[in-house]
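In: Turn this into a model:
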Amino acid sequence: MCFKLSVNSSICVDFLVTQHYCCVMIPDLIELTNSPWHVLPSGVHLATLAEVKNAFAYNSHRRDLFFGLCKAAKALSIAGCRYLYIDGSYVTGKPKPGDFDGCWDPSGVDQIKLDPVLLDFDNGRKNQKLKFKGELFPFNAQAEPGRTFLNFFQRDRFSGNSKGILVVDLTGESFDLIEGVTL
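Out: Okay, the predicted model is just below:
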């Protein structure tokens, strides 16, 4: 997004970077008609892994899923992935989600450094779930005809209404600060 300051100058602002300088937090969950759980409001909401932990890792089951998510985030970061989008019942009000879902930006990812499990979609993504406790897809892959995973995850599966997802800028994360995250 660019702002014109004068006839000869302008400033371009990257909203993902700019939010690091504001007091932006994960928004409160909202109720959607015909959805069993409260969800994030529509939009892509920037969050750090620490904010995800504070908002969603509030019981032992959810903490276990969070550490799997962090392992996947670290593996993606090592391969050069910049953005990880988090969805699924993990980022809802469901007390005991089965796993987390999400997608990642493949731009700039070194396929040699990428953990092959992140590209293993066999048997219902069994190996991803075993290693990371959730499932992740490249964000530009087709979730269904005409819809990428990035778009697919922004619709509530129960109501069909628009809902939000989280995005974590992996370039700004320090995985050493998150206790229990090892590869």
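In: When you work out contacts or count neighbours from here on, use the C-alpha atoms and nothing else.
Out: Noted.
In: could I have stretch 134-141 exported to PDB, CA atoms only?
Out: This file holds the C-alpha atoms of stretch 134-141, laid out as PDB (Å, rounded to 0.1, in the frame of the first residue of the first chain):
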ATOM      1  CA  GLY A 134      -1.400 -31.200  12.100                       C
ATOM      2  CA  GLU A 135      -1.400 -30.800   8.300                       C
ATOM      3  CA  LEU A 136      -0.100 -28.000   6.100                       C
ATOM      4  CA  PHE A 137      -0.300 -27.400   2.400                       C
ATOM      5  CA  PRO A 138       1.400 -25.000   0.000                       C
ATOM      6  CA  PHE A 139      -0.900 -22.000  -0.100                       C
ATOM      7  CA  ASN A 140      -1.300 -21.900  -3.800                       C
ATOM      8  CA  ALA A 141      -2.300 -25.600  -4.100                       C
END
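In: got the buried residues for that stretch?
Out: 134-140 (16 or more other Cα atoms under 10 Å).
In: same question, stretch 79-92
Out: Within stretch 79-92, judged by 16+ other Cα under 10 Å, the buried ones are 79-92.
In: Equivalent analysis for stretch 72-80, please.
Out: In stretch 72-80, counting by 16+ other Cα under 10 Å, buried: 72-80.
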